[in-house]
Structures are given as C-alpha cells and as structure tokens.
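J.: What follows is a predicted structure for the sequence shown.
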Amino acid sequence: MEVSKSDASKMRQLAQEGKSIAKITEQDFPKLDYWDVYFEVYAKGERSSMGIKHMITTRLNKMASSTSKSERKEIADELHGLIWHLYDNHKLNSKKLLAIRAALEE
C-alpha cells in the first residue's frame, strides 16, 4: 500500500521516540500491513528487492486465504504496484550498469 510522505515521516518519528513497529501499526496505522510500516521506518521509503519479495509473498498468502472478492481485488491491485516497482528498479539498475561498464571501458 502506498504511504504518504507525511505518514512515513510520522512513522519514523514515532519509532525514534521508542515506539515499536507493531504498536505503530496497531495504534496509529491499523489499515497498513506491519511490513509497510517496517519498510517506511527502516528503509526511509526505499524498499529493497528482498523487502518487496517478502511483501509480495505475504500478500499472495493473504489473497489465497481471503474469501472476500473485494479484498482479493484490493490485494491484486497492490501486488500489481509492487511488481511494477520491481520492474522499474530492474530497468533503472540495468541502465546504471551499462553506464558503469561504458565508463570502465574508456
């Protein structure tokens, strides 16, 4: 789920004040998943590929156990965004790698 910059900032502030990720999720952002809050707090919004993989796995498991069609649709939309995020990062990293190789060959 997409987190606004103000919410991400609030999450980081609460964590700096000593509030646990579980409590932040439960008390302040109950509509978000634990891992969404975790990545905003510890990765400052920059999600790693391993983190995205874990989020996708979690959501697939949640989707498989869901009996609500609307909930499955919402999860599918979120998965779509996560997969595009991985794809965009891959393309960006490929371009960076080509630039590095070109610079090394000069």
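T.: Cool, got the structure.
J.: Report the helix or strand with the lowest average pLDDT across the protein.
T.: Ranked by mean pLDDT, DSSP states H and E, the weakest helix or strand in the chain is helix 34-42, scoring a mean of 83.
J.: For that one, output the C-alpha coordinates as PDB.
T.: Extracted C-alpha coordinates of helix 34-42, given in PDB (Å, rounded to 0.1, in the frame of the first residue of the first chain):
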ATOM      1  CA  TYR A  34       3.300  -4.500   9.500                       C
ATOM      2  CA  TRP A  35       5.800  -4.700   6.700                       C
ATOM      3  CA  ASP A  36       4.600  -1.500   5.100                       C
ATOM      4  CA  VAL A  37       5.400   0.400   8.300                       C
ATOM      5  CA  TYR A  38       8.600  -1.500   8.800                       C
ATOM      6  CA  PHE A  39      10.000  -0.500   5.400                       C
ATOM      7  CA  GLU A  40       9.000   3.100   5.900                       C
ATOM      8  CA  VAL A  41      10.700   3.300   9.200                       C
ATOM      9  CA  TYR A  42      13.900   1.400   8.400                       C
END
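J.: just use 32 as the starting number from now, easier for me
T.: That works, and once the first residue is 32, the last one we named lands at helix 65-73.
J.: Walk me through the regions of this protein where pLDDT falls short of the threshold, as ranges.
T.: 32, 75-79 (pLDDT under 70).
J.: mind listing the helices in it by residue range?
T.: For the chain, the helices defined by DSSP state H cover 36-47, 52-54, 65-73, 80-96, 100-136.
J.: What is the neighbour count of E102?
T.: By other Cβ atoms under 10 Å, 13 other residues sit near E102. No exception for glycine: its C-beta is placed from N, CA and C like everyone else's.
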